[in-house]
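> Sequence first, predicted coordinates after that:
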Amino acid sequence: MPVHDDVAARPRNATLKDVAALAGVSVATASKALNGKGNVHPDTRRRVVEAAERISFTPNQLARAIVGKQTGTVGLLTHDLEGRFSLPILMGAEDAVGADQMSVFLCDARGDTIREQHHLRALLSRRVDGLIVVGGQTDARPTLGRNLPVPVVYAYAPSLDPADASVIPDNTHGGTLAAQHLVATGRRRIAHISGDVAYLAARERSEGVQLALTAAGLSLAGGEVLYGSWSEAWGRSAALTLLDRDPHIDAIVCGSDLIARGALEALRGRGVDVPRDVAVIGFDNWKVLVEGSRPALTSIDMNFEALGRRAAERLIDAIAGRERPGIETLDCRLVVRGSTTYDG
């Protein structure tokens, strides 16, 4: 689409609306094209960039257009010691706001409420425009309070206060996906090993497994869910217990990839072929574990980057005065690998 000369004559203090008009696209499309979001045709992106350059519309102006008269900074306060949750969530958040348009300050509270308050004061002293708080587990956590000067969105672990905005993975859906996949591949004697029953994630994943089995007219093999620790050692021990209880088990849903790794080791030690004799599926899709397993581990991915993007989108809306309280859950996805598929 040609660029119109009458629009090109606008002064240097151009707006995002001016860029959109000059490029012949909507304001939303112009914003996506300039902040690097996907789903914009390369020709459209090029046209928008050329229009922005022509009227001297700068990235800083885009940041102001997104969040108004703000500092263009967001704080990400995490309790995830290993970065397994917070780093992909950070990547998703930066994707949503445009890494070159807004700075994200990452602070790790290490599961310590005193340290959390220290980081909170530090972030507020930097005049961040908003906060994303990432929990270390999916159990609901105390709110930071209703009197903060900036909006807050809780990710992975919801706030106990219904007035807060939270974005979390649907662990029940993940458990259902895992069991449905095994049923679809012909498994009928499906057992379940999970982590600490005190964790909401363990209970919700087990609930999802049971829902899928009930829908398929199946009972849980082994008689009950085996709850324990989130460790390979527990996975090994529990898998051996299951084999002793029911030698005809043909599949195991594991509550985490660590547990699944232990189960794979135990099965291999007993001479059980995976996946021909017993299929194994994990939860978390932790790359270093699933790709290094023998065979590669089928797993449930909680879509942490999508979680981060959604949390950042909710935060941007809140900064703009469109705050919406309540908990939003996002679906998990199944990633199929060799531990559940057999070609021989």
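Arrived safely.

> Please tell me how far the spatially most central residue of the chain sits from Ala233.
Most central in the chain under CA atoms, centre = their mean is Phe304, positioned 1.7 Å from the mean C-alpha point. Remark: distance between Phe304 and Ala233 (CB to CB, to the nearest Å) = 26 Å. Every residue, glycine included, has its C-beta placed from N, CA and C.

> This protein - how does it break down into domains?
5-57, 71-169+304-331, 171-301 (automatic domain parsing).

> So which of the ones you listed is nearest Tyr342?
Tyr342 sits nearest to domain 171-301 of all these, at 4.8 Å, using CB to CB.

> For the closest one, give the mean pLDDT please.
The predicted model assigns domain 171-301 a mean pLDDT of 96.

> just how off-centre is it within its chain?
Taking CA atoms, centre = their mean, to the nearest Å, one finds the center of domain 171-301 at 21 Å from the center of the full chain.

> Give the buried residues for the helix or strand that contains Gly235.
Taking DSSP states H and E as the definition, Gly235 sits inside helix 232-245. Within helix 232-245, the residues scored as buried using 16 or more other CB atoms under 10 Å are 232, 234-243.

> And for stretch 208-218?
Neighbour counts over stretch 208-218 (16+ other CB under 10 Å) mark 208-213, 216, 218 as buried.

> Which of those residues fall in helices?
208-213 (DSSP state H).

> pretty sure His79 is touching Gly111, no?
Yes: between His79 and Gly111 there is a contact at 5.1 Å, judged by CB atoms under 8 Å.

> which neighbours do those two share?
Residues touching both His79 and Gly111 (CB atoms under 8 Å, 6 or more residues apart in numbering) are Gly136.

> Among the ones in helices among the buried residues of stretch 208-218, which one sits closest to Pro142?
Pro142 has its nearest neighbour among these in Gly208, at 26.6 Å by CB to CB.

> tell me the contacts of the closest one?
Gly208 sits in contact with 171-179, where contact means CB under 8 Å, 6+ apart.

> Over to Asp250?
Listed by CB under 8 Å, 6+ apart, the contact partners of Asp250 are 187-190, 277-279.

> Same check on Leu123?
75, 77, 105, 107, 131 are the contacts of Leu123 under CB under 8 Å, 6+ apart.

> got the phi/psi numbers for the last one?
Read it as Leu131. When read as degrees, to the nearest 10, the backbone of Leu131 gives phi -130, psi 140.

> before we move on, back to that, can you redo the contacts of Leu123 as TSV with distance to Gly321, pLDDT and neighbour count?
Formatted as TSV, the contacts of Leu123 follow (distance: CB to CB, whole Å; pLDDT from 0 to 100; neighbours: other CB atoms under 10 Å):
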residue	distance to Gly321	pLDDT	neighbour count
Gly75	19	90	23
Leu77	22	92	25
Phe105	23	85	15
Cys107	26	87	18
Leu131	16	94	23
